[in-house]
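# 3D model of this:
(chains A, B, C and D)
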2 protein chains.
Amino acid sequence: MTDDAPPSLRERTRRAVHQEIAGSAMRLFLEQGFEATTVDQIAAATGISRRSFFRYFATKEDVVLGELVGRGHAIASELAARPAEEPPWTALRAALVRFRDTRTPDTESELRLGEMLYATPTLRARHLEKQLAWQDLLVPVLADRLRATAVEGTGANGVGGNGAGGTDAGGADPELAAAAIVAGALACLDIAGAAWVRRGGTVPLDKLYDDAVATIRST
Amino acid sequence: MTDDAPPSLRERTRRAVHQEIAGSAMRLFLEQGFEATTVDQIAAATGISRRSFFRYFATKEDVVLGELVGRGHAIASELAARPAEEPPWTALRAALVRFRDTRTPDTESELRLGEMLYATPTLRARHLEKQLAWQDLLVPVLADRLRATAVEGTGANGVGGNGAGGTDAGGADPELAAAAIVAGALACLDIAGAAWVRRGGTVPLDKLYDDAVATIRST
DNA sequence: CCAAAGATGGCACTGAGTGACAGAAGTGTC
DNA sequence: GACACTTCTGTCACTCAGTGCCATCTTTGG
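Residues are numbered from 1 along each chain as shown, chains lettered A, B, ... in the order given. Coordinates of the predicted model:
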């Protein structure tokens, strides 16, 4: 995974152009809004042709959300690397927290980006779509975990004394169980993100996420 | 809201055309796929102009997902009408179950539609978007419920006491709690729907939903 | 009958995304 | 350096979704 391979000049140029496009695009987006910015404008501002833009980004949304795909893979492998004894929610949380929005110059622009993200329908939709891709990546990993711990004794772990359960949740299809947990966690993450933006970044995202998860699991 | 007004001929015609378009569109979608079907084809098959199509449906996706908006409103008012003593998950489940996919000729085509829905990215994205609209509709209703039942316990710190800072402004926000629950429930519904399709409709949707919720809340 | 309101179709336009092609520039080999 | 080979680039042309405008026809109501 570590790109220690020789960064050939071609590759370096490519990365540079990529960055260049993303830079001028984000500038335009924050300046006049996402929808109001056309690909032609981005291309012109970057000094490339319209066609070349699409050789670097499949869609206009990908300029904002492109990194998410890679992040999904990172989270998945992090989840797989977590100790098997860790209960699913704990492992998932750890994996999610480990890889958060990396490239964020300052909280200010991160907030503005968040506002744009939650205010632009197409962006929101694509964002959800990427999170769905995360789901497909994380579910099999978590399902393996569940299968592994189900073989061992039942109730070996214990977040708290929840003896009132009784429902054989573990007995159900581990694939479905994993899907439910992952979907729930990602929903909480989304909610937390929205709340974080709405509060102007005053409350740390972690806390909002934890609150959301706690609410779901104990209300 | 109750349109007891006389269904004027104009209105009846309009509904008829609406149905006509939806019919030939769905036929084409199931026949050659959603993306492969153009609006021109739908218009031609219906015997109207391309321009008129967009007077009945804002987008091509709305032919498939248009009804969802109205359903969201129905679910929201059903939730509001639920007895106040009902715990949130119970009330939410009841409201969701009450309004499910109404127009379904047979299970066969419902399945085919489901497959198409989960296989077409743009449809999937729009679907998520509509569910997000549901969220915005349901959250305030559920938040009111939570506020009403939280009269007794005034403990400002109820969930996830993660001692950090301690900003007075935050605290157990019912809005966030409601958002978390609603998002979790809708995530479970989505998961259940996907599982239902994958199993060929053999397992009832209700059971899959209940399993998903049980997993989230007791794992 | 006549005027207002609505529905329709045709036209032109923007804007995203794609395919094909020719040429420029980097890369490796002799 | 000359040579092929690969990759990147811009240009042109195209499809398709969605929108605005306008002329025309039909319904509706007085």
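# ok, now how distant is A:Phe53 from chain B?
According to C-beta to the nearest C-beta, to the nearest Å, A:Phe53 stands 21 Å off from chain B. Where you see a C-beta, it was placed from the backbone N, CA and C, and this is true even at glycine.
# quick one, what contacts that residue?
For A:Phe53, the contacting residues are A:Ile21, A:Val39, A:Ile42, A:Ala43, A:Thr46, by C-beta atoms under 8 Å, 6 or more residues apart in numbering or on different chains.
# Packing partners of the longest helix along chain A?
Ranked by residue count and defined by DSSP state H, the top helix of chain A is helix A:121-151. With contacts taken as 3 or more C-beta pairs under 8 Å, 6 or more residues apart in numbering or on different chains; DSSP states H and E, helix A:121-151 sits against helix A:61-65, helix A:67-81, helix A:88-98, helix A:107-119, helix A:174-198, helix B:121-149.
# Can you check which of the ones you listed gets nearest to DNA strand D?
Closest of those to DNA strand D is helix B:121-149, at 8.3 Å (criterion: C-beta to the nearest atom of the strand).
# Show me how far the closest one is from its chain's centre.
8 Å (C-alpha atoms, centre = their mean, to the nearest Å).
# What of stretch A:118-129?
13 Å.
# again, but for stretch A:39-51
The answer for stretch A:39-51 is 28 Å, by C-alpha atoms, centre = their mean.
# For chain A, what lies in contact range of DNA strand C?
Contact residues (C-beta under 7 Å from any atom of the strand) of chain A with DNA strand C: A:8-10, A:37-40, A:51, A:54, A:58-61.
# still on that earlier bit, quick one: is the longest helix of chain A near DNA strand D?
No - Helix A:121-151 stays clear of DNA strand D (C-beta under 7 Å from any atom of the strand), getting no nearer than 9.9 Å.
# Now do that helix against helix B:107-119, angle only.
If you take axes from the mean of the first three to the mean of the last three C-alpha atoms, to 10 degrees, helix A:121-151 sits at 100 degrees to helix B:107-119.
# quick one: helix A:121-151 to chain centroid distance?
How far helix A:121-151 lies from its chain's middle: 10 Å, per C-alpha atoms, centre = their mean.
# ok, and for that helix, which residues are buried?
A:123-132, A:134-135, A:137-139, A:141-143, A:145-146, A:149 (16 or more other C-beta atoms under 10 Å in any protein chain shown).
# the inter-axis angle of it versus helix A:174-198?
If you take the same axes, to 10 degrees, helix A:121-151 sits at 140 degrees to helix A:174-198.
# tell me the average confidence for helix A:121-151?
The predicted model assigns helix A:121-151 a mean pLDDT of 90.
# repeat for stretch A:43-54
Across stretch A:43-54, pLDDT averages out at 97.
# Could you do stretch A:75-89 as well?
95.
# returning to that earlier point: filter the residues of chain A next to DNA strand C down to the buried ones, PyMOL style.
To isolate the buried ones among the residues of chain A next to DNA strand C in PyMOL, judged by 16+ other C-beta under 10 Å, type:
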select buried, chain A and resi 37+39+60+61
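# dump the residue contacts of A:Ile21.
Counting by C-beta under 8 Å, 6+ apart, A:Ile21 touches A:Ile42, A:Thr46, A:Ile48, A:Phe53, A:Tyr56, A:Phe57, A:Val63.
# Going by neighbour count, which of the residues you listed comes out on top?
For these, the largest neighbour count, defined by other C-beta atoms under 10 Å in any protein chain shown, is 25 neighbours, found at A:Val63.
# from what I can see that one touches A:Ala22, true?
Yes - look at A:Val63 against A:Ala22 with C-beta atoms under 8 Å: they come within range, at 5.7 Å.
# For A:Gly200, the count of nearby residues, please.
11.
# Could you look up the SS state of it?
coil (DSSP: H, G, I helix; E, B strand; the rest coil).
# Give me the neighbour count for the residue lying closest to it once chain neighbours are set aside.
Nearest residue to A:Gly200, sequence neighbours excluded (C-beta to C-beta, 6 or more residues apart in numbering or on different chains): A:Leu111, at 6.5 Å. Counted with other C-beta under 10 Å, residues neighbouring A:Leu111 total 16.
# what pLDDT does A:Leu111 get?
Value for A:Leu111, per-residue pLDDT: 91.
# Let me see the contact set for it.
A:Val197, A:Gly200, A:Gly201.
# Surely the last one and A:Leu113 touch.
Which is A:Gly201. No - using C-beta under 8 Å, A:Gly201 is not in contact with A:Leu113, being 11.3 Å away.
# could you measure the spatially closest residue to A:Phe29 that is not a sequence neighbour against B:Pro87, distance?
What sits nearest to A:Phe29 in space, not counting adjacent residues and going by C-beta to C-beta, 6+ apart, is A:Thr37, at 5.6 Å. Using C-beta to C-beta, to the nearest Å, A:Thr37 is found at 46 Å from B:Pro87.
# And for A:Phe29?
Distance of A:Phe29 to B:Pro87, computed by C-beta to C-beta: 43 Å.
# Which one of those two is surrounded by more residues?
Neighbour count, other C-beta under 10 Å: between A:Phe29 and B:Pro87, A:Phe29 has more, with 22 against 11.
# tell me which element that one falls in.
Using DSSP states H and E, A:Phe29 falls within helix A:9-32.
# for the helix or strand following that helix, packing partners?
Later in the chain than helix A:9-32, the nearest helix or strand by DSSP H and E is helix A:39-46. Packing contacts for helix A:39-46, counted by 3+ C-beta pairs under 8 Å, 6+ apart, involve helix A:9-32, helix A:50-56.
# what distance separates the first one from the middle of the whole chain?
Between the centre of helix A:9-32 and the centre of its chain there are 21 Å (C-alpha atoms, centre = their mean).
# re the thing from before, quick one: the residue nearest to A:Gly200 from A:Tyr118, how far?
11 Å.
# Break chain A down into its structural domains.
By the assignment in automatic domain parsing, chain A contains the domains A:9-60, A:66-155+A:165-218.
# Pick the most deeply packed of these.
Of the domains of chain A, the one with the most neighbours on average (mean count of other C-beta atoms under 10 Å in any protein chain shown) is domain A:66-155+A:165-218, at a mean of 18.
# re the thing from before, from the contacts of A:Leu111, which single one is nearest B:Thr107?
A:Val197 (41.6 Å; C-beta to C-beta).
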